[in-house]
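Asker: Quick one, fold the following:
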Amino acid sequence: MTGHDYLIADAARRCGAARERRRAQPAQRLHQAEAGRLVVGERMARDCRALVRVQPNGRRFGDEIADREHQPVVADDDTVADPFGAEYAGGKGVLGNFGAQQHHRIERRLQVEARFLGLGLHLGRKRPVTQIRHGISISSSAFILWQGPVPCQRPNGVSRYTFSTKVPMNIPLSIAMASNPRTWPIFDGRVKPDGITLIPSSVHPSELFWRQLRFADFDVSEMSFSSLMMARSKGDDRWIGLPIFTTRKFFHAEILVRRDSGIERPADLKGRRVGVPEYQQTAALWTRGVLEHEFGVAPKDMQFWMERGPSHSHRGAVGFTAPPEVTIHQIPPEKNIGNMMLSGELDAAIHYIVNPNLVDRSTADLWHHRDIKPLFPDPAAEGIRYYRKAGIFPINHGMVIRKEIADKHPWVVLNLYKAFERANEIADRERLEHAEYHLAAGLLARETAEALRTALVRHGIRANRKVLETAALYSHEQGLTPRLVALDEVFAASAMEQ
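Answerer: Modelled structure (predicted):
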């Protein structure tokens, strides 16, 4: 047996007559060497111990297991009584209907290792106890209760309730986000939040937001700021925002148009057919907002064609309907933005995406196609112009956590925030390290090297209030939210001063 086979639990057993009675019942001894592997939790009565073992071959309660030096070890349904009641961070029971006989009170501390997350645990009469919801599907096996052979006598001067070992209890949380320099230290484990064991998944944002809004797959995740505001404004309180912002971009500068469309400037978009993956996505929100406030092109001036269908869209997940005077057509399943741009059925495209995920369908490389060009001849120059004028570097994604977790363990909010701050510091430091050779070789001017020291990606409300409030204003103006959503409606109260 290896350490990977075990979950460790505390147990208290009475001695004397109770011990003699147990000898006649089918729950016997574990070898002394195995008992030494136990981790003991908060309270133990008289140094008696119990071990819960995951049986890889699918044994269940009532099965006999050979023990070379003792009688066959058997765990019977009669040993199952009061609920064990251990919980994981989502508030669901990890183990249920597990305990000693009813006249024994068991006080326990269970360390749940990440390798067992996702197990559907079965005890006793093969009845399922619970399924841990972390998006993992693993066939489960039963648990066998063993009682150790330690004599039920305590040394003189030792309290009846003692600690053999103290084990810190981390809360396991699943987390999903895109991979970038500001999340790499979380993914690779260089940064670990205090008191939390993260089970990370790298998921493209398009798919991730749909899965979260539709199925709530993960405990913590990256999230569309636009969709989060919409959800909160409609009373969906499953998620609480964390002011962690790992991605931003000048989205309006990336608009693509057909060369033969006659579109030479933003004003020429009026009356044109414009493709968009998701009307409510934050990238499209920022693009429409800048077009209206900078160039006088309102959403109602264009005809939108949306690629994602009702079953696989953020729009379908939150029940969004088009605002008055705004036209949104559905692109048929057999088509996509890419091939409609190439066929001339669309004149322009906002935030064009090519990625093999569950919701986006386009595959054509429009960026290098001879018939397609950017609306702005120099997209980088347009981004710089907007940044210098508005002082805004648009944020499109934040992070969220399940409200039930934040309510039960409010400390996780700032622990996660601090972890991402540390990850961001690593990204900033590595950016400078990567530029050192170019600076030393004279390929970068010293002024450029100094500019690289400017931290553009900063977390927290205080550093990003203007950007966030502008996005909230655009959301209300464009009819995505029925009212202007305040930031304290979106983000955790404990993080508002960060």
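
Asker: residues making contact with stretch 335-344?
Answerer: By CB atoms under 8 Å, 6 or more residues apart in numbering, the list of residues contacting stretch 335-344 from outside reads 256, 258, 260, 275-277, 305, 307, 331, 345-346, 349, 352, 354, 361-364, 366, 369, 371-372. Any C-beta I mention is one placed from the backbone N, CA and C, and that applies to glycine too.

Asker: I'd like the mean pLDDT over stretch 249-261, please.
Answerer: Averaged across stretch 249-261, the pLDDT comes to 97.

Asker: Okay, buried residues for that stretch please.
Answerer: Judged by neighbour count (16 or more other CB atoms under 10 Å), stretch 249-261 contains these buried residues: Lys249, Phe250, Phe251, His252, Ala253, Glu254, Ile255, Leu256, Val257, Arg258, Ser261.

Asker: isn't the third one right up against Leu291?
Answerer: Same thing as Phe251. No. The pair Phe251 / Leu291 is not scored as a contact, 10.3 Å apart, by CB atoms under 8 Å.

Asker: Any regions of this protein where pLDDT drops low?
Answerer: Scanning the chain for pLDDT under 70 picks out 1-168.

Asker: Could you point out the longest helix of it?
Answerer: helix 411-440 (DSSP state H).

Asker: Moving C-terminal from it, which element do we reach first?
Answerer: The C-terminal neighbour of helix 411-440 among helices and strands, as given by DSSP states H and E, is helix 446-451.

Asker: That next one: what's the following helix or strand?
Answerer: By DSSP H and E, the next helix or strand past helix 446-451 is helix 465-477.

Asker: Residues contacting that following helix, please?
Answerer: Under the criterion CB under 8 Å, 6+ apart, residues 225-226, 229-230, 248, 282, 285-286, 288-289, 292, 391-395, 461, 481-487 lie in contact with helix 465-477.

Asker: among these, which ones are buried?
Answerer: Neighbour-count burial within those applies to 225-226, 229-230, 248, 282, 285-286, 288-289, 292, 392-395, 461, 481, 485, 487; the criterion is 16+ other CB under 10 Å.

Asker: Give me the subset of those that lies in helices.
Answerer: Among the buried ones among the contacts of helix 465-477, the members falling in helices (DSSP H) are Phe225, Ser226, Met229, Met230, Thr282, Leu285, Trp286, Arg288, Gly289, Glu292, Leu487.

Asker: Can you show me the helices along the protein?
Answerer: Taking DSSP H as the criterion, the chain carries its helices at 17-23, 32-35, 184-187, 205-215, 225-233, 282-295, 314-318, 337-343, 379-390, 403-408, 411-440, 446-451, 465-477, 487-490.

Asker: what residues are up against Gly289?
Answerer: Thr470, Ala471, Leu473, Tyr474, Glu477, Gln478.

Asker: before we move on, what about Pro277?
Answerer: Shown in contact with Pro277 (CB under 8 Å, 6+ apart): Ser206, Ala284, Met306, Glu307, Arg308, Ile337, His351, Tyr352, Ile353, Val359, Asp360, Ser362.

Asker: now swap in Ile328 and tell me
Answerer: Remark: with contacts taken as CB under 8 Å, 6+ apart, Ile328 is in contact with Tyr279, Phe304, Trp305, Met306, Ala322.

Asker: Also Arg190?
Answerer: Arg190 makes contact with Trp184, Ala423, Ile426, according to CB under 8 Å, 6+ apart.

Asker: repeat that for 7 Å
Answerer: Residues counted as contacts of Arg190 (CB atoms under 7 Å, 6 or more residues apart in numbering) are Ile426.

Asker: returning to that earlier point: among the contacts of Gly289, the buried ones, what's the PyMOL command?
Answerer: Here the buried members of these are turned into a PyMOL selection, burial being counted by 16+ other CB under 10 Å:
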select buried, resi 470+471+474+477+478
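
Asker: Now distance to Gly442 too, for the contacts of Gly289, in TSV please.
Answerer: Putting the contacts of Gly289 into TSV (distance: CB to CB, whole Å) gives the following:
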residue	distance to Gly442
Thr470	40
Ala471	41
Leu473	45
Tyr474	43
Glu477	48
Gln478	48
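
Asker: Closest to Arg211 out of the contacts of Gly289?
Answerer: Within those, distances to Arg211 taken as CB to CB reach their minimum at Ala471, with 22.5 Å.

Asker: how is this protein carved up into domains?
Answerer: The record assigns the chain these domain ranges, following automatic domain parsing: 1-169, 171-246+395-476, 251-390.

Asker: And the strands in the stretch 251-400 of the chain, which stretches?
Answerer: For the stretch 251-400 of the chain, the strands defined by DSSP state E, counting those that start in this stretch cover 256-258, 273-276, 303-306, 327-330, 348-349, 372-374, 395-402.

Asker: His434: which of the ones you listed is closest?
Answerer: Each of those was checked against His434 via CB to CB, and the shortest separation belongs to strand 395-402, namely 23.8 Å.
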